[in-house]
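> got a predicted structure plus its sequence, pasted below:
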Amino acid sequence: TSGGPKPLRVMLEGESLLNDASGLTLFEVFFHLLQVQMEHPEDSEPIGTIVGQVFLAVFQLGIIGFLMGMVFGMLTRLFLRFMRYMGAGHDQEVALTLGMAYLAYWITAMPCKGSGVVAVAVMGLYGAATNWWDMSTHAHETFDGFWETLAFVVNSLVFLYSGASVINFFVR
């Protein structure tokens with residue numbers, strides 16, 4: 001990270017996460033519309049109807065994602081308090097945050113038909129706003145190290161895949 005004040009870094013990273021989540025949500029909406037158009041090309045609709053459908057779908061995905069992210073953020077905070085009460089270790093607290101993030105994504109995207117990416121971003125922002133869901137002091141160090149390493153690995157894989165895709169595009 002850039003080394004600025006922590007609240008500023010958290011705010012900038014949160015804004016970046018919401019931008020990414022919004023982009024993925026829009027991609028999901030347009031991809032769905034393209035699939036419908038490819039399956040039924042004879043059912044062409046006026047542009048105003050399509051714009052209305054896009055707006056409604058983005059609004060629905062975003063609102064459901066936001067609400068589910070808040071719910072999972074609050075549940076994570078509650079579970080972490082319970083775990084501390086029961087004497088859980090800081091590695092278990094960090095594992096809970098990973099599990100809750102996956103659970104938030106899946107439940108929001110599948111049964112609730114919302115944006116799982118928005119839910120995870122909001123859950124993370126809730127965690128940042130509540131001092132990492134009121135995690136124990138020792139867990140903060142493990143938490144930061146784990147998530148920074150995971151972010152590095154995932155970013156590396158994304159860029160590796162992107163590079164391979166570009167090479168594949170030019171070789172063909």
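Good, I have the coordinates. Owing to the predicted nature of the structure, the values given are computational and were not obtained by experimental measurement.
> does the residue sitting furthest away from the middle of the chain count as helix, strand or coil?
Farthest-out residue of the chain from its mean C-alpha position, per Cα atoms, centre = their mean: Glu42, at 36.0 Å. Per DSSP: H, G, I helix; E, B strand; the rest coil, the secondary structure class of Glu42 is coil.
> so which residues of this structure form helices?
For the chain, the helices defined by DSSP state H occupy 6-39, 47-86, 90-109, 116-129, 131-134, 137-171.
> got the contact list for the residue nearest to His140 when sequence neighbours are not counted?
In space, and not counting its chain neighbours, His140 is closest to Trp132: 6.2 Å by Cβ to Cβ, 6 or more residues apart in numbering. Any C-beta I mention is one placed from the backbone N, CA and C, and that applies to glycine too. When the contact criterion is Cβ atoms under 8 Å, 6 or more residues apart in numbering, the partners of Trp132 are Ala139, His140, Phe143.
> per-residue confidence at the second one?
At His140, the model reports a pLDDT of 83.
> distance of it relative to Val120?
Counting by Cβ to Cβ, to the nearest Å, the separation of His140 from Val120 is 20 Å.
> one more: Trp106?
As judged by Cβ to Cβ, Trp106 and Val120 stand 10 Å apart.
> these two - which one has more neighbours?
With other Cβ atoms under 10 Å as the criterion, Trp106 and Val120 differ in neighbour count, and Val120 comes out ahead with 25 against 13.
> how close does that one sit to Tyr126?
Noted for Val120: a distance of 11 Å to Tyr126, by Cβ to Cβ.
> also Arg9?
Taking Cβ to Cβ, one finds Arg9 at 17 Å from Tyr126.
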